[in-house]
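A.B. asks: Sequence isn't available, so here's the structure alone:
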């Protein structure tokens, strides 16, 4: 009988090393199933995960089911309030039964403000880029003409172009 040698040479996956710590941290916050924490985006969807994250699962005395506390920002709270029942159904699908009977929204964590300083993903606004006016560009080049250093000349041109285009747009508003 041959003994099979491990092909990992003593190395372990990081996920297997962290599973115990994640489970313990989750249990302190009431999460019986740590998958809810580790796979939050997959559980609730990218749109909800971008504006909220789970904070705590609390079990009331003598009541059936638990309360899931979800952290969100003030602007997103009304949107999330309308989706609470849908969120509860998705979370209960992870548990496999009706473990969560209520979803509570908070804008700061119940343990203090340090947990409330969470950075949610967002899509940055795109700025409309308009090509510079040829007259403004020519005037900016003339303003920076005397500079001997290339970097200084480029900075002066940029400043003059910004200033002149701003003046031009303000004059259009008054005419």
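C.D. replies: Cool, got the structure. Keep in mind it's a predicted model, so treat the numbers as computed, not measured.
A.B. asks: Quick one: low-confidence residue ranges for this protein.
C.D. replies: Low-confidence segments of the chain, defined by pLDDT under 70: 1-10, 12-34, 62-63, 108-125, 127-129, 168-175.
A.B. asks: pretty sure residue 59 contacts residue 99?
C.D. replies: No: counting by CB atoms under 8 Å, residue 59 does not reach residue 99; the two are 9.6 Å apart. Using the backbone N, CA and C atoms, a C-beta is placed for each residue, glycine as well.
A.B. asks: the more surrounded of those two?
C.D. replies: For residue 59 versus residue 99, neighbours defined as other CB atoms under 10 Å are more numerous around residue 99 (18 against 12).
A.B. asks: Please enumerate the strands of this protein.
C.D. replies: All strands of the chain, identified by DSSP state E, fall at 52-59, 66-72, 100-106.
A.B. asks: Nearest to residue 88, out of those strands?
C.D. replies: Nearest to residue 88 among these is strand 100-106; the distance by CB to CB comes to 5.0 Å.
A.B. asks: Could you count how many residues lie near residue 70?
C.D. replies: Residues near residue 70, counting by other CB under 10 Å: 22.
A.B. asks: so it bridges to which residues?
C.D. replies: In this structure, residue 70 bridges to residue 54, residue 105 when assessed by DSSP bridges.
A.B. asks: ok, it - contacts?
C.D. replies: Contacts here follow CB atoms under 8 Å, 6 or more residues apart in numbering; on that basis residue 70 touches 52, 53, 54, 55, 80, 87, 103, 104, 105, 106.
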